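A.B. asks: I would like to see how this sequence folds:
(chains A and B)
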There are 2 protein chains.
Amino acid sequence: MAKASRLSGFPEWLPEGQLVQQLVEDTARRVFELHGFAALETRAVEPLEAMLRKGEIDKEVYVLRRLHAAEDEPDPGLGLHFDLTVPFSRYVLENAGHLDFPFRRYQVQKVWRGERPQEGRFREFTQADIDVIGRDTLSFHHEVEMAVVMATLLGELPIPPSVIQVNNRKLAEGFFRGVGADQPDLVLRAIDKLDKIGPARVRGLLVDEVGLSERAADQCLALAEIRTPDASFVDRVRALGVRNDLLDEGLEELAAVVDGANARRFGSVVADLRIARGLDYYTGTVYETQLVGFESVGSIASGGRYDSLATDGRQTFPGVGLSLGVTRLVSVLLGRDLVTVSRKVPSVVLVAVVDDASRDDSEAVAGALRARGIACEVAPKADKFGKQIKHADRRGIPYVWFPDPSGDTVKDIRSGDQVPASADSWSPHVTELRPTVSATPSQEERP
Amino acid sequence: MAKASRLSGFPEWLPEGQLVQQLVEDTARRVFELHGFAALETRAVEPLEAMLRKGEIDKEVYVLRRLHAAEDEPDPGLGLHFDLTVPFSRYVLENAGHLDFPFRRYQVQKVWRGERPQEGRFREFTQADIDVIGRDTLSFHHEVEMAVVMATLLGELPIPPSVIQVNNRKLAEGFFRGVGADQPDLVLRAIDKLDKIGPARVRGLLVDEVGLSERAADQCLALAEIRTPDASFVDRVRALGVRNDLLDEGLEELAAVVDGANARRFGSVVADLRIARGLDYYTGTVYETQLVGFESVGSIASGGRYDSLATDGRQTFPGVGLSLGVTRLVSVLLGRDLVTVSRKVPSVVLVAVVDDASRDDSEAVAGALRARGIACEVAPKADKFGKQIKHADRRGIPYVWFPDPSGDTVKDIRSGDQVPASADSWSPHVTELRPTVSATPSQEERP
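C.D. replies: A predicted model of the protein is given here:
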């Protein structure tokens, strides 16, 4: 339901679908604010130079130019941001003197990537990000906190169960160095291809291109297979016999994230040593999130710790963040019919119009209802009542109000019950005040 | 306060400023939904061809291309939308089969224009639009309704008084034809320059370029001087001695909008026959809105009736809409210090941390408060309590919570009062739950 896209990669929803997106964004905002994150918005454009330095080198950026730019007008070199982390770190650098650190912010905005569209991958999409960023230092415990906040948010949405998969860059880098790799980032990139090309070909890459020994390659592949719901991964890594100080630090941090997050939200986090994350700027914990049963759409919430993304040479602002893929999540919910919307419009009441001369009376009723927080609309035409009721029914509006000098009445068009009512005191049931989005029953019942 | 822009025309706010923008957007959403408008979002890009056909011909559009586009890749001809009306009418055409007409929607999104930045004029800015769009027909009374909804919204914001100035295209066109103008749109464009070049030069344009007689030019200028708070403009127009059927229709409609809107919201609307609006697609009522005392920043809410913007040749979808310039309004409020924000963060409580070993106890308190809808954050470090209190004070957080095995206490750091409290029952005052934005007192007291 509710899909309405005509330009590939640029999704648009019907009003029902927009209500689902609104629920996701509203819930994100509520949970983020309850955890003390302040709202922020950054401009949609960034200097190309800064984006290309900070992000993946092959990131597909959209470049802007003014249609009527003069021939000799210098190209400002601006592009649309491809994530919210790079703009946020730029913002922090520019405004550090006005911010209080550690600075906690959330940001719900669109981002753009000129990639080939496919399921769950768009050219324009909305992200909901949280980050905590410190000046000079940032305590490790925020890496636990991020996972807990995101798990709390996901737990409040009418969506299938999700699990946050966590790894640690120090663990990976220390391990790769421990087996003799000089360029651990090359190993990471090869491991990142496991899902795409399988272990045999990754092994080939590690030996032929990264220059690892066959034994070292096998050890790296063995590491990537480790996935545990608790800190038991530590023993399994130790059993691989690799020793390195950075590895030890990473093991300790990852165990603290998994144990810490699961202590506060049981079963929310697993250690998954295959998780690599493409972006270069991560330095500690990295997160991805699977929607159980819908793993093929990719991660719905990703992020990590970054120590030196925001630096001007004098000061450094280490941060940690997680980004919910709002559009990806909503597209799954709509595409697989996982949610049901109670009605298409905010109105809970349609105020009928008896005749054109008395439209003002109907508007007065509507005004009185709105003053009490009851969303309503006045029938656009003084049609026969049957037609006005049909107008409400098509939109899912449950009540039709009939103004009457001898006493107003309101009709529940689902049951047919019609009762006397005053616009100064009548209320619908509190659960009917706003459209609701709930998990589609048939899906809940699936094994 | 709260300005933070480094790239001219691309405004960004500090967290305090973002709270002001959030208040404007939240209030818009609440008022629009109470009036039965459904939320909608369209993609940020549109085919250039469609935008240039529908908008002003000299509109400064930003064109997109992929950074890594292949040499032989066909240019998709996409640009960033410069308003929300053209995308909405395209959306309605594409999805007419799934929508219920008249269709009422609101849309809060960024738009982009490559214009020269100046006060109140940006290259990237947020608009909050409402439109009602019909299939084949749309009743006139929606032209009254639009003004009432926008006046209601503006009345709920902590901003200076505003007045919606209304004119009517039929009135103008009929009058111009009545004085002998063959191309009334050229007269309209000349009149639109009154503020910029003054009546003497507009008169010159009308005579020399549009080809009006001197008497006709004077009549047009006399028309543009008429501004009344009620329907008395009708007699003043009649007194100019011009007769035309379309003029009569326009006079009747404009009188109905002014009287109808003022009957429902007294003093919200004036008839102002100078209002032209640049866009070609308006066909009936046109609206602009001045913030009294801040007229120089331009209109903060504009729109009009459009009969044939959305048409595919077979079907036509006439509409009427109004667009609130969120960024322009917020930039005035911030730039002139017209509003005050109660605190910079959503947290109303900072939960202190006694020592690193007991951080989990502090997190448990925070969890209990959040479960009851109380936004809070846990101190990032187990510093001395004085330093933790200072951390709260800098952010404007009014309460600091001290977990204690022998009984928690909470301190109001404004008064210094510290009382025993339980996270399962204590609440701040309801007005403190969220940051508030209010009119700055010194400004309210100004004459």
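A.B. asks: Tell me the spatial nearest neighbour of the residue of the stretch 301-447 of chain A found nearest chain B, not counting adjacent residues.
C.D. replies: Chain B sits closest to residue A:377 of the stretch 301-447 of chain A, with a gap of 3.1 Å, by CB to the nearest CB. (C-beta placed from N, C-alpha, C; glycine too.) Setting aside the residues directly before and after it, residue A:377 is nearest to residue B:36 in space (CB to CB, 6 or more residues apart in numbering or on different chains), at 3.1 Å.
A.B. asks: Residue A:89 too?
C.D. replies: For residue A:89, ignoring the flanking residues on the chain, the nearest one in space by CB to CB, 6+ apart is residue A:310 at 3.5 Å.
A.B. asks: Ramachandran angles for that neighbour?
C.D. replies: Here is the backbone geometry of residue A:310 (degrees, to the nearest 10): phi -100, psi 100.
A.B. asks: Let me know whether my guess that residue A:148 is in a helix holds.
C.D. replies: Yes: under DSSP: H, G, I helix; E, B strand; the rest coil, residue A:148 sits within a helix.
A.B. asks: Might one say that it is in contact with residue A:262?
C.D. replies: No: Residue A:148 lies out of contact with residue A:262 (CB atoms under 8 Å); the separation is 9.5 Å.
A.B. asks: overlap in contacts of these two?
C.D. replies: Shared contacts of residue A:148 and residue A:262, defined by CB atoms under 8 Å, 6 or more residues apart in numbering or on different chains, are found at residue A:268.
A.B. asks: hey, where'd the strands end up in the stretch 1-150 of chain A?
C.D. replies: Ranges of strands in the stretch 1-150 of chain A, per DSSP state E, counting those that start in this stretch, are A:38-39, A:45-47, A:62-66, A:78-80, A:103-112, A:124-133.
A.B. asks: Adding mean neighbour count, write the ones you listed out as TSV.
C.D. replies: Shown next, in TSV, are those (neighbours: other CB atoms under 10 Å in any protein chain shown):
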stretch	mean neighbour count
strand A:38-39	23
strand A:45-47	21
strand A:62-66	21
strand A:78-80	24
strand A:103-112	23
strand A:124-133	24
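A.B. asks: Worst mean pLDDT among those strands?
C.D. replies: Ranked by mean pLDDT, those end with strand A:62-66 in last place, scoring a mean of 89.
A.B. asks: what comes into contact with it?
C.D. replies: A:45, A:48, A:73, A:75-76, A:78-80, A:112-114, B:60-67, B:80, B:114.
A.B. asks: rerun at 10 Å
C.D. replies: Strand A:62-66 is contacted from outside by A:44-45, A:48, A:73, A:75-82, A:112-114, A:123-124, B:44-45, B:60-69, B:78-80, B:112-115, B:123, using CB atoms under 10 Å, 6 or more residues apart in numbering or on different chains.
A.B. asks: Quick check: can you list the domain ranges of chain A?
C.D. replies: Annotated domains of chain A cover A:15-39+A:115-340, A:349-437 [automatic domain parsing].
A.B. asks: looking at the ones you listed, which is buried most?
C.D. replies: domain A:15-39+A:115-340 (a mean of 20; mean count of other CB atoms under 10 Å in any protein chain shown).
A.B. asks: Just the endpoints, please. Distance across that one?
C.D. replies: End-to-end span of domain A:15-39+A:115-340 (CA to CA, to the nearest Å): 13 Å.
A.B. asks: Just give me how far that domain sits from the chain centre.
C.D. replies: Distance of domain A:15-39+A:115-340 from the chain centroid (CA atoms, centre = their mean, to the nearest Å) equals 14 Å.
A.B. asks: ok, back up a step: show me the contacts for the residue nearest to residue A:377.
C.D. replies: Per CB under 10 Å, 6+ apart, neighbours of residue B:36: A:345-351, A:366, A:370, A:375-378, A:395, A:397, B:104, B:106, B:132, B:149.
A.B. asks: how does it look with 7 Å?
C.D. replies: If a contact means CB atoms under 7 Å, 6 or more residues apart in numbering or on different chains, then residue B:36 has A:345, A:346, A:347, A:375, A:376, A:377, B:104 as its contacts.
A.B. asks: partner residues bridging the last one?
C.D. replies: Beta-bridge partners for residue B:104, by DSSP bridges, are residue B:132.
A.B. asks: Hmm, residue B:38 and it touching each other?
C.D. replies: Yes: using CB atoms under 7 Å, residue B:104 is in contact with residue B:38, at 6.4 Å.
A.B. asks: For stretch A:198-207, C-alpha coordinates in PDB please.
C.D. replies: The C-alpha trace of stretch A:198-207 is given here as PDB (Å, rounded to 0.1, in the frame of the first residue of the first chain):
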ATOM      1  CA  GLY A 198      31.600 -15.500  -0.200                       C
ATOM      2  CA  PRO A 199      34.500 -16.700   2.000                       C
ATOM      3  CA  ALA A 200      36.400 -18.500  -0.700                       C
ATOM      4  CA  ARG A 201      36.900 -15.400  -2.800                       C
ATOM      5  CA  VAL A 202      37.600 -13.200   0.200                       C
ATOM      6  CA  ARG A 203      40.300 -15.700   1.200                       C
ATOM      7  CA  GLY A 204      41.700 -15.300  -2.300                       C
ATOM      8  CA  LEU A 205      41.700 -11.500  -2.000                       C
ATOM      9  CA  LEU A 206      43.400 -11.700   1.400                       C
ATOM     10  CA  VAL A 207      46.200 -13.900   0.200                       C
END
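A.B. asks: And the contacts of it?
C.D. replies: Taking CB under 7 Å, 6+ apart as the rule, stretch A:198-207 contacts A:187, A:190, A:191, A:193, A:194, A:212, A:214, A:217, A:220, A:221.
A.B. asks: residues contacting the fourth one?
C.D. replies: Residue A:193 makes contact with residue A:202, according to CB under 7 Å, 6+ apart.
A.B. asks: Let me know whether residue A:277 touches residue A:304 as I believe.
C.D. replies: Yes: the pair residue A:277 / residue A:304 is scored as a contact, 5.8 Å apart, by CB under 7 Å.
A.B. asks: shared neighbours, these two?
C.D. replies: Both residue A:277 and residue A:304 are in contact with residue A:286, where contact means CB under 7 Å, 6+ apart.
A.B. asks: Toward the C-terminus, what is the element adjacent to the helix or strand hosting residue A:203?
C.D. replies: For residue A:203, the enclosing helix or strand under DSSP states H and E is helix A:194-208. Following helix A:194-208 in sequence order, the next helix or strand is helix A:214-224 (DSSP H and E).
A.B. asks: Let's see that next one as PDB, backbone CA atoms only.
C.D. replies: Extracted in PDB, the C-alpha atoms of helix A:214-224 (Å, rounded to 0.1, in the frame of the first residue of the first chain):
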ATOM      1  CA  GLU A 214      47.200 -18.700   4.100                       C
ATOM      2  CA  ARG A 215      47.000 -19.300   7.800                       C
ATOM      3  CA  ALA A 216      46.500 -15.600   8.600                       C
ATOM      4  CA  ALA A 217      43.700 -15.400   6.000                       C
ATOM      5  CA  ASP A 218      42.000 -18.400   7.600                       C
ATOM      6  CA  GLN A 219      42.300 -16.700  11.000                       C
ATOM      7  CA  CYS A 220      40.700 -13.500   9.700                       C
ATOM      8  CA  LEU A 221      37.900 -15.600   8.100                       C
ATOM      9  CA  ALA A 222      37.400 -17.500  11.400                       C
ATOM     10  CA  LEU A 223      37.200 -14.200  13.300                       C
ATOM     11  CA  ALA A 224      34.500 -13.000  10.900                       C
END
